[in-house]
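Asks: Could you look at this predicted model? Sequence included:
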Amino acid sequence: MKIGILQTGHAPDMVLGELGDYDTMFQRLLDGQGFEFITYSVVDGKFPDGPEAADAWLITGSKHGAYEDHDWIPPLETLIRAIRDADQPLVGVCFGHQIIAQALGGKVEKYQGGWSIGQQEYSIENKPMRLNAWHQDQVVELPPDAKLIGSSDFCANAALMIGENILTIQPHPEFTAAMIDALLRYRAPGVVPPDLIDAATATLDHPDDSAVFAEMMVKHLNRKEK
């Protein structure tokens, strides 16, 4: 089964050698499931010919905002709607969660409450789940046909099912503690308030539920294979 990864950003240069780029992080998360992966760096203007180029799709995170004026965002939104209309499985993570919601009629904003970084506790399908977050933007209005399946005290719209073929989540199941540690050291200073940096640093050695959500992703991506 071929999974098309729509890459909407790049990992910081200082982690590429150790952790790889965002597409590599997802391949590592979903390893051992019999998937074949093909990456389209849409942030660099590289797009598939259409939904038929893969059996299922995944949209990564990004430093960019879904509402920003970039040449690659309108064609990405068109592709999202085409994937929906083709009834192909689609998963969106962080920016992927946001751009899917926006493309299908929802609304994304820079959240007035500020940043969410490091390990956070969510309720997903009525089960507690601890996942790593790194975002300031949030989905503030759901698209039509969206069902809210996950939230936290800080992020009301943290996970969605849209129709039967689209699963989205705000936090990062693909981000390991090593990735969060790197972001805390290289991206957070001067941008994120010191108290949030301290709180996130304190959770670096805590276990998380990335493997649990990865199982949800695998089941969703495979849904048409059954």
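Replies: On my side now, so go ahead.
Asks: Following element in sequence after the helix or strand of the chain with the lowest mean pLDDT, please.
Replies: Using mean pLDDT, DSSP states H and E, the weakest-scoring helix or strand in the chain turns out to be helix 13-19, at a mean of 90. Using DSSP states H and E, the helix or strand that follows helix 13-19 in sequence is helix 22-29.
Asks: related to what we said a few turns ago, convert the C-alpha atoms of the least confident helix or strand of the chain to PDB, please.
Replies: Taking Å, rounded to 0.1, in the frame of the first residue of the first chain, the C-alpha atoms of helix 13-19 are listed here in PDB:
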ATOM      1  CA  ASP A  13      18.900  21.800  10.000                       C
ATOM      2  CA  MET A  14      20.400  20.900  13.400                       C
ATOM      3  CA  VAL A  15      18.200  17.700  13.700                       C
ATOM      4  CA  LEU A  16      18.300  16.500  10.100                       C
ATOM      5  CA  GLY A  17      21.300  14.300  10.500                       C
ATOM      6  CA  GLU A  18      20.100  12.600  13.700                       C
ATOM      7  CA  LEU A  19      16.300  12.600  13.300                       C
END
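Asks: Point out the other helices and strands that it packs with.
Replies: Packing contacts for helix 13-19, counted by 3 or more C-beta pairs under 8 Å, 6 or more residues apart in numbering; DSSP states H and E, involve helix 177-186. Backbone N, C-alpha and C define where each C-beta goes, glycine included.
Asks: tell me how far the ends of stretch 162-171 are from each other?
Replies: 17 Å (C-alpha to C-alpha, to the nearest Å).
Asks: average pLDDT for that stretch?
Replies: For stretch 162-171, mean pLDDT rounds to 97.
Asks: Repeat that for stretch 71-85.
Replies: 98.
Asks: Look at residue 112 and report its pLDDT.
Replies: 92.
Asks: what does residue 224 give?
Replies: Residue 224 is given a pLDDT of 71.
Asks: mind listing what it touches?
Replies: 55-56, 87-89 (C-beta atoms under 8 Å, 6 or more residues apart in numbering).
Asks: can you check residue 208 too?
Replies: 119, 130-132, 177.
Asks: Helices of this protein, start to end?
Replies: 13-19, 22-29, 73-85, 95-103, 177-186, 194-201, 210-221 (DSSP state H).
Asks: Pick the most buried one from those.
Replies: Sort these by mean neighbour count, taking mean count of other C-beta atoms under 10 Å, and helix 95-103 sits at the top with a mean of 27.
Asks: Check what contacts that helix and list those residues.
Replies: By C-beta under 8 Å, 6+ apart, helix 95-103 touches 6, 8-9, 58-62, 64-67, 73, 76-78, 80-81, 90, 92, 107-108, 137-139, 142-143, 146, 157, 159-160, 162, 166, 168-170.
Asks: just the contacts of residue 224 now: which is nearest residue 1?
Replies: Nearest to residue 1 out of those is residue 55 (C-beta to C-beta; 5.0 Å).
Asks: And the closest one, how close does it get to residue 48?
Replies: 12 Å (C-beta to C-beta, to the nearest Å).
Asks: Show me the residue sitting in the middle of this structure in space.
Replies: Among the residues of the chain, the one closest to the centroid is residue 93, at 1.2 Å (C-alpha atoms, centre = their mean).
Asks: Which strand residues bridge that residue?
Replies: residue 169 (DSSP bridges).
Asks: That one contacts residue 173, doesn't it?
Replies: Yes: using C-beta atoms under 8 Å, residue 93 makes contact with residue 173 at a distance of 7.0 Å.
Asks: Right, I'll leave it there.
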